[in-house]
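Undergrad: Any chance you can model this:
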Amino acid sequence: MKIEKFEEIQLEELMLFLDENLNENYERVVFLNIRKRWPEGFLTVIDEGKIVGTCCGAILPNDKLRVLILVLQNDYQKRGIGKDLMDRMIRASEIFGVKKVTLEVRKDSDAIAFYRKLGFSSVDVLPCYYQDGCDGIVMEKQL
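TA: Next comes the predicted model:
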């Protein structure tokens with residue numbers, strides 16, 4: 001298993017992976033734009049030649065890193081890979097002087113406990129934030 005920067009050639013495989021592992025739908029161009037703006041903040045987890053996880057983020061004004069996606073195939077969860085991805089993204093953001101990391105998570109997601117273990121706190125609720133009407137929880141961590 002290896003973690004590497006997302007490359008444009010992986011786009012079709014990434015879209016299939018996200019369709020299988022997330023409830024949200026995204027346009028392909030979104031991922032190309034994210035990669036163009038901050039390639040170091042867009043990582044894929046590859047095992048046996050296929051994508052089994054990904055994370056990407058964006059650097060925002062006011063010294064913030066916003067985690068846009070962090071998802072692993074179910075059988076790769078609870079193995080420290082998600083923490084490794086988050087650590088790598090945070091380290092890559094240090095050059096920008098990031099002092100806070102933010103993200104949104106579904107209020108019905110098991111990932112809330114994962115983010116709490118990483119030191120994130122819930123700071124807001126976003127009613128009907130997701131495409132299916134589920135509320136989102138804004139979480140943040142001070143660095």
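
Undergrad: For the chain, just list every one of the strands.
TA: 2-5, 42-47, 50-60, 64-72, 100-106, 121-126, 136-142 (DSSP state E).

Undergrad: Could you dump those into JSON lines with mean neighbour count added?
TA: All C-beta atoms are positioned from the backbone trio N, CA, C, and that covers glycine. Listed next are the strands of the chain as JSON lines, based on neighbours: other Cβ atoms under 10 Å:
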{"stretch": "strand 2-5", "mean neighbour count": "11"}
{"stretch": "strand 42-47", "mean neighbour count": "20"}
{"stretch": "strand 50-60", "mean neighbour count": "20"}
{"stretch": "strand 64-72", "mean neighbour count": "20"}
{"stretch": "strand 100-106", "mean neighbour count": "19"}
{"stretch": "strand 121-126", "mean neighbour count": "12"}
{"stretch": "strand 136-142", "mean neighbour count": "17"}
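
Undergrad: Dump those to TSV, plus mean pLDDT.
TA: Shown next, in TSV, are those (pLDDT from 0 to 100):
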stretch	mean pLDDT
strand 2-5	96
strand 42-47	97
strand 50-60	97
strand 64-72	96
strand 100-106	97
strand 121-126	96
strand 136-142	97
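
Undergrad: closest to I112 out of these?
TA: strand 100-106 (5.7 Å; Cβ to Cβ).

Undergrad: hang on, the earlier thing: and N25, which of the strands of the chain is closest to it?
TA: That would be strand 64-72 among those, by Cβ to Cβ, at 12.5 Å.
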